[in-house]
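Q: what would the 3D arrangement of this be:
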Amino acid sequence: MSEYINNQTERKEDLKRLLRQLHEGQTVDQVKGEFAALLEDVGAMDIASIEQELVEEGMPVGEIKRLCDVHVAVFRESLETHEKPDTVPGHPVYTLLAENGAAGRVLDALEKALGASEWEQAGERLQELRQYEIHYVRKENILFPFLEKHNFSGPT
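A: I've put the predicted structure just below:
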């Protein structure tokens, strides 16, 4: 087990090193070969974690964003082999996104009712909207602690 952890840590450090090389001006073609060997089992969470660590080590968030297109091109093949959580019914990300969409539709209907001075309809939409409070409680109690546990302090 410790061999797996050490290998994973080593691979993560190698990926960070390659991202730093991109930051220093090397081209995707110059580092792509080495990336291919490292990316076999890398998922989106690993990539986001690496980006977060680079920010914590002093790389400006703006620079991470600037390099995004470059390293996404490098990571694309690895990412495409992993199933995206927002496409898997039952996955918490899928559920949260579906609920976001449903709440948005209720807000749209509320806005439309208010614009047409349909007060009874607007009241019904407000009642419906109250049901989504549990959605935000779940985000606060499940999603945010998960992100914090993996040292995500904010978007990168």
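Q: C-alpha only now, for contacts and for neighbours.
A: Fine.
Q: would you mind splitting this structure into its domains for me?
A: What automatic domain parsing lists as the domains of the chain is 2-80, 85-149.
Q: quick one: the helices in this protein?
A: 2-23, 28-38, 44-56, 61-80, 92-115, 119-130, 133-138, 144-149 (DSSP state H).
Q: what's the least confident stretch among those?
A: For the helices of the chain, mean pLDDT drops lowest on helix 61-80, to a mean of 70.
Q: any chance of the helices of the chain in CSV, plus distance to D86 and mean neighbour count?
A: As requested, the helices of the chain are arranged in CSV below (distance: least, Cα to Cα, whole Å; neighbours: other Cα atoms under 10 Å):
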stretch, distance to D86, mean neighbour count
helix 2-23, 24, 15
helix 28-38, 25, 14
helix 44-56, 12, 17
helix 61-80, 13, 15
helix 92-115, 4, 15
helix 119-130, 23, 15
helix 133-138, 16, 12
helix 144-149, 16, 12
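Q: quick one: contacts for the nearest residue to D14 once chain neighbours are set aside?
A: Closest residue to D14 apart from its sequence neighbours, by Cα to Cα, 6 or more residues apart in numbering: L38 at 7.9 Å. Neighbour list for L38: 11, 14-15 [criterion: Cα atoms under 8 Å, 6 or more residues apart in numbering].
Q: please apply the same query to E99.
A: 132, 135.
Q: look up how far G33 lies from it.
A: As judged by Cα to Cα, to the nearest Å, E99 and G33 stand 41 Å apart.
Q: tell me how far R20 lies from G58.
A: 11 Å.
Q: what do you get for E140?
A: Taken as Cα to Cα, the span from E140 to G58 is 28 Å.
Q: out of the two, which sits in the busier spot?
A: E140 (12 against 8; other Cα atoms under 10 Å).
Q: now that one: how far from V31?
A: On the measure of Cα to Cα, E140 and V31 end up 39 Å apart.
Q: try N7
A: N7 is 20 Å from V31, by Cα to Cα.
Q: next: E83.
A: For E83, the distance to V31 - Cα to Cα - is 25 Å.
Q: go on, P145?
A: 35 Å.
Q: once you drop chain neighbours, what's closest to Y94?
A: Closest to Y94 by Cα to Cα, 6+ apart is D86, at 4.1 Å.
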